[in-house]
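1. here's a sequence, model it:
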Amino acid sequence: MSAPQQSRPDFDFGDMTPAPETALPAQVRKGRGAISNRPGRYEPGDRPAEDDGWPRSEEEEALPPLRTVVGLDTSKTIISRNDSPDIPFDQSINPYRGCEHGCIYCFARPTHAYLGHSPGLDFETKLYHKPNAAKLLEKELRRPSYRPSLIALGANTDPYQPIERRYRLTRSILQVLSDFNHPVGITTKSANVLRDIDLLTNMARRRLVHVAISVTSLNADIARQLEPRASAPHRRLAAIKQLAAAGIPVSVSVAPIIPALTDHEIEAIIEAAVKNGARGVNWTLLRLPLEIKDLFKEWLEAHVPDRADHVLSLVKDCHGGQIYSSQWGSRMKGSGPYAEMIRQRVEQAAKRHGIGARDWRLDLSRFAVPQAIPAQPDLFSMIGESDSR
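-> Got it, this is the predicted structure:
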C-alpha cells in the first residue's frame, strides 16, 4: 500500500502523559499485547531498563496496568488512497491512529514510528482521534472532482476499538456516507459494530455496505493473548449472526492465519461463521514486517516458548526463507508448499459450506451529493437589518 496522499499532520498531545520509556520491563502486561516498548525505526536505538541488583517487592514485580491516553490528530484530509494490487479497494478511512485492541501481529504497528512512538506498547496505549473526521469527509465528497469508489473502514486500525464508545467517529463517518449514498466496506474484530446496526441496516437496503468480522481463533485463551482488548470469539460470532439477521451482508475474515498456532482452526472458524450467517470469507497469512517481527518473537517467547521456533520456521517457509517479503502478490498470502496448503484448505472449506470469497461489489451508481443545508441566519444581524429599515 502506498503512503496516504496527505501531509503529515500536526498533533496536539492534550493531556497525554508519556511514561518513561526505560521503565517498561520486557514482561507481559495485563490487558496488553506487546511485551516491550521497543523504539521505532526512526529512533536512535534501544534504551533498555537496567537492573540495579536490589531485590524487588511483590508490588514492584506486579506491574500496574498501563493507562490509555488519547491525543488529537489534526489532519487536514481524511481519505487515504493506495495503488496496491493486493487489496480490492483504493480508498480507506482511519478515524483513529493506534489501536487499543493490542493485537500483537497488527501490521499497522510500524506506522506509530512516524509519530515518534514505539510500535510496541505505545501503539496500544497512546492513541489519536480525528475529531473533524465527518466534516473532512463531507468536504472531500462535495468536491466536483471526486469520483465515487468504495471506501474501506478498518483497513489499518479498527474503527470499533474501545474508544469509539466515547468519540463515535465511525458512526459520524457512516452517517455522512449514508447521506451521500456512498458504499463502504467495514472490517472489524469488535462486536461493538452492532451499536450502528440501525445505520448499517438502512445502508444495506441500498447495497451500500458490507461487513467482515475478523476471527483469528475460536480458543478464548489464545484470542485473549493475541488480541487482549478485542471482543471474545463467541461475541464476534454472535455479531455475525445479528448482522446477518438484519439483512446486512457479512463475511468472516480468517486473518491472520498463524502457522503452528491457529492454522488448525481454519475449517472450524469458517464452519462456525457460516452457521451464524456469514456469506463469504477472506484470509491472510501472518505478516511480520519492520518492527513487528521482534515484537512477535517476544510474544512467542512469553506465551508459547515451546512453539516459538516452529512458528517462525513455517513463517520463513512462506517467504522464501525470510521472516518477511514485501513482494506484490505474495506478501499477504505467502508462497511455497505450506502457503499453498493453507490456500487450498480455505477454498475447500468455503466450497463445502457454499460460500466464496468476500464480495466487495457494492452499488456506486447511487452516489449523489446532497443539497447543502443553508447556514442559520444570525439573530443579531437580522435585528440590525430590521432596525436599518
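
2. tell me the mean pLDDT for stretch 238-246?
-> In this model, stretch 238-246 carries a mean pLDDT of 98.

3. not counting it itself, show me its contacts.
-> The set of residues that contact stretch 238-246 without belonging to it, under Cβ atoms under 8 Å, 6 or more residues apart in numbering, is 190-191, 193-194, 197, 200-201, 204, 211, 213, 231, 250, 252, 273, 276-279. Bear in mind the C-beta positions are built from the backbone N, C-alpha and C, glycine included.

4. got a list of contacts for stretch 126-146?
-> Outside of stretch 126-146, the residues that reach it under the criterion Cβ under 8 Å, 6+ apart are 11, 16, 18, 68-73, 75-79, 93, 95-100, 112, 115, 117, 163, 167, 169, 172-173, 175-177, 180, 182, 369, 372.

5. picking up where we left off before, in strands, which of the contacts of stretch 238-246 fall?
-> With DSSP state E as the criterion, strands contain Val211, Ile213, Val250, Val252 from among these.

6. turn the residues you listed into JSON lines, columns for neighbour count and distance to Leu226.
-> As requested, these are exported to JSON lines (neighbours: other Cβ atoms under 10 Å; distance: Cβ to Cβ, whole Å):
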{"residue": "Val211", "neighbour count": "27", "distance to Leu226": "21"}
{"residue": "Ile213", "neighbour count": "26", "distance to Leu226": "16"}
{"residue": "Val250", "neighbour count": "29", "distance to Leu226": "22"}
{"residue": "Val252", "neighbour count": "28", "distance to Leu226": "17"}
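
7. of the contacts of stretch 126-146, which belong to strands?
-> Members of these lying in strands (criterion: DSSP E): Phe11, Val69, Val70, Gly71, Leu72, Asp73, Ile79, Ile93, Tyr96, Arg97.

8. so which pair among those residues is furthest apart in space?
-> Using Cβ to Cβ, these span at most 26.6 Å, a distance reached by Val69 and Ile79.

9. before we move on, back to that, out of the contacts of stretch 126-146, which end up buried?
-> Neighbour counting with 16 or more other Cβ atoms under 10 Å marks 11, 16, 68-73, 75, 77-79, 93, 95-100, 112, 115, 117, 163, 167, 169, 172-173, 175-177, 180, 182 as buried within these.

10. and stretch 106-126, end to end?
-> 15 Å (Cα to Cα, to the nearest Å).

11. got the buried residues for that stretch?
-> Going by neighbour count (16+ other Cβ under 10 Å), the buried part of stretch 106-126 is 106-113, 115, 117-126.

12. ditto for stretch 260-270
-> Under the neighbour-count criterion of 16+ other Cβ under 10 Å, stretch 260-270 has Ala260, Leu261, Thr262, Asp263, Glu265, Ile266, Glu267, Ile269, Ile270 buried.

13. from the residues you listed, which is closest to Gln348?
-> Checking those against Gln348 with Cβ to Cβ, the nearest one is Glu267 at 8.4 Å.

14. where exactly do the helices run in the stretch 251-389 of the chain?
-> In chain order, the stretch 251-389 of the chain shows helices spanning 266-275, 292-303, 308-317, 337-352, 379-388, with DSSP state H, counting those that start in this stretch as the criterion.

15. in JSON lines, list the ones you listed along with distance to Leu137 and mean pLDDT.
-> Putting the helices of the stretch 251-389 of the chain into JSON lines (distance: least, Cβ to Cβ, whole Å; pLDDT from 0 to 100) gives the following:
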{"stretch": "helix 266-275", "distance to Leu137": "30", "mean pLDDT": "98"}
{"stretch": "helix 292-303", "distance to Leu137": "29", "mean pLDDT": "96"}
{"stretch": "helix 308-317", "distance to Leu137": "37", "mean pLDDT": "97"}
{"stretch": "helix 337-352", "distance to Leu137": "34", "mean pLDDT": "98"}
{"stretch": "helix 379-388", "distance to Leu137": "30", "mean pLDDT": "51"}
